[in-house]
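Novice: Following is a predicted model, sequence given first.
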Amino acid sequence: MNNNLTFNGQAKGTWTQLRLEQNWNINKWERILKCKELLLKNKDKVKFNNQNYWMQCFIYESFYYFDPPYFANKGKPHKHKFTHNDWTSFKFFIDYLNDRGQLFLISLDNCSEIKEMFKDYIIVEKEWKYTSSNTKGNKICKTGKELFIKNY
């Protein structure tokens, strides 16, 4: 759904009925319904899992999408953070998937360490404006910068 509900996945901020009403429009609802229809149509082909990523490659031979914690966290309040050992293990796992011919896509923050770590893969840089980051009358939207790393 491309983050169209203005819930940014971080454990911060508040959600209220007023906030929902202020950020709501019919296009968002239509996109949600379209996503629902696609998932229902392909329910035998789509699996959502929230488990240790190592376990997934032994269960499914499929396309994998990973959204790990940002590398350059900069103090943002994420519930789970990767240690140096976690990043080493994750990179080893990605190389393992690649060697097995498994397709994957990773979304991560745009920083030099990530670019270096995944330099053997295709890296696509994207930017967008966060419209939900306006607070207290500040009309300047923050710019998001992210990397999409893939092997296809």
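Specialist: That came through fine. On a predicted model such as this, the values are computed, not experimentally measured, just so you know. Residues are numbered from 1 along each chain as shown.

Novice: and Val46, what does it touch?
Specialist: Contact analysis of Val46 by Cβ atoms under 8 Å, 6 or more residues apart in numbering lists Leu39. All C-beta atoms are positioned from the backbone trio N, CA, C, and that covers glycine.

Novice: Please read off the pLDDT at it from the model.
Specialist: Per-residue confidence (pLDDT) for Val46: 80.

Novice: try Gln22
Specialist: Predicted confidence (pLDDT) for Gln22: 70.

Novice: before we move on, what about the one 4 residues further on?
Specialist: Residue-level confidence at Ile26 comes out at 76, pLDDT.

Novice: So what's the residue count around it?
Specialist: Look at Ile26: counted by other Cβ atoms under 10 Å, it has 7 neighbours.

Novice: what separates it from Glu113, distance-wise?
Specialist: According to Cβ to Cβ, to the nearest Å, Ile26 and Glu113 sit 41 Å apart.

Novice: can you check Asp120 too?
Specialist: Going from Asp120 to Glu113 by Cβ to Cβ gives 15 Å.

Novice: Check Ala72 too.
Specialist: For Ala72, the distance to Glu113 equals 7 Å [Cβ to Cβ].

Novice: can you check Asn98 too?
Specialist: Asn98 is 19 Å from Glu113, by Cβ to Cβ.

Novice: For the protein, just list every one of the helices.
Specialist: Using DSSP state H, the helices found in the chain span residues 17-23, 26-41, 53-59, 84-99, 112-117.

Novice: Same list, the ones you listed, but as TSV with distance to Glu146 please.
Specialist: Shown next, in TSV, are the helices of the chain (distance: least, Cβ to Cβ, whole Å):
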stretch	distance to Glu146
helix 17-23	21
helix 26-41	20
helix 53-59	19
helix 84-99	17
helix 112-117	10
